[in-house]
Every structure is written in structure tokens, then in C-alpha cells.
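Trainee: Kindly generate the corresponding structure for this input.
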Amino acid sequence: MRKQKGFSLIELLIVVGIIGALTAIAVPAYQDYTKKADATAGIATMKSLLVNIDAFAQNGVFPEDTDWADLGGKADMLTLGGMELAQVITGEGDEAFVSGGTLTLTFNPTSSLDTKTIIYTKSNTGWACTHTTGLEDLKGCVAP
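Mentor: Numbers count the residues shown, from 1 in each chain. Here you go, the predicted structure:
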């Protein structure tokens, strides 16, 4: 009699079950990893602009929204989402001055952080970062 070689149907089903269980564990972990990677890239991009925004603010103005090149930004920096820059003006007329502002990144709907935001807010004490990403451990940026 010949000795059979190969796997039985039961053995193959067990292997498929093990692979399915590993996939069920790995997919959510990977999704969290991509969200954190996108958020970290967004924060790094925004931080690179903050120094140049401060230079404008020291002269009493915030740059216009479309002046990303003047701030040292590159065209591909907006691949994560759209950025918006807004200034806060205190006082009126000749006594008006820029007292703060915000830099907001809204992630693209196609990214892992579908339309979530990271916001840097300027005050007289510096920049503060908040986010709506749902992530708990973004270094230097807190959830509201």
C-alpha cells in the first residue's frame, strides 16, 4: 500500500482558520499605524511652517492663505489635506494688531484620517496643538 502524501482537508481548514485569526488581529493594528503615520506627517509639515509664520507675525501680519511658498512650503505638502491660515486681529484702525492666529490641516477624505483636523493656535505664550483625529498619543498635540 502506498503512503499518502499531502494535507488532509481538516489540516487545511485549521491553517485557514489560523490565518483568519491573525488577519483579524493585524488589520486594526495596521489601520491605527497608518492613522498615526498620517497624523505625524501632518504635524511635521505644520511645524516646519510655524517658524516662518512667527517671522511674519513679529512684523504684525500673518501671511495670506495662498502664500505657502513664501512660508517655505512645497507644492506636495498639501497631499495629506488642505491647510488654512487665519489671523486674529485685536483692536481697530491704527491700533489694530495681530494677536494670534490658527494654522489648520484638514485631512483629505481619501486619507486614513478622513476629514479630521490638526489645529495649531498662536497666542502670546506660543503655539498650542489640538486635534480631532481620535488618536490618544500624539506627542505635543492634545485632543480637545
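Trainee: pLDDT wise, what is the residue nearest the centre of the chain at?
Mentor: Taking CA atoms, centre = their mean as the criterion, Ala39 is the residue nearest the geometric centre of the chain, at 2.7 Å. With respect to pLDDT, Ala39 scores 91.
Trainee: Could you do Pro63 as well?
Mentor: Note for Pro63: predicted pLDDT of 66.
Trainee: And Ile43, by the same measure?
Mentor: At Ile43, the model reports a pLDDT of 90.
Trainee: picking that back up, contact partners for the residue nearest to the centre of the chain?
Mentor: Ala39 sits next to Leu113, Ile118, His131, Thr133, Leu135, Leu138, Cys141 when contact means CB atoms under 8 Å, 6 or more residues apart in numbering. Backbone N, C-alpha and C define where each C-beta goes, glycine included.
Trainee: Can you give me the buried ones in the lowest-mean-pLDDT helix or strand in the chain?
Mentor: When the helices and strands of the chain are scored by mean pLDDT, DSSP states H and E, strand 81-90 comes last with a mean of 77. Within strand 81-90, the residues scored as buried using 16 or more other CB atoms under 10 Å are Gly81, Met83, Leu85, Gln87.
Trainee: ok, that strand: who's next to it in the sheet?
Mentor: If you go by DSSP bridges, strand 81-90 pairs up with strand 97-107 (antiparallel).
Trainee: Hmm, Gly101 is touching Lys122, no?
Mentor: Yes - counting by CB atoms under 8 Å, Lys122 is a contact partner of Gly101 at 4.8 Å.
Trainee: What helix or strand is the residue nearest to the centre of the chain located in?
Mentor: Using DSSP states H and E, Ala39 maps to helix 9-58.
Trainee: same deal with Thr130?
Mentor: Per DSSP H and E: Thr130 is located in strand 126-131.
Trainee: Out of the buried residues of strand 81-90, the closest to Gln31 would be?
Mentor: Gly81 (17.9 Å; CB to CB).
Trainee: from what I can see that closest one touches Leu105, true?
Mentor: Yes - the criterion here is CB under 8 Å, and Gly81 meets it with Leu105 at 5.5 Å.
Trainee: shared neighbours of the two, which are they?
Mentor: Common contacts of Gly81 and Leu105, defined by CB under 8 Å, 6+ apart, comprise Gly42.
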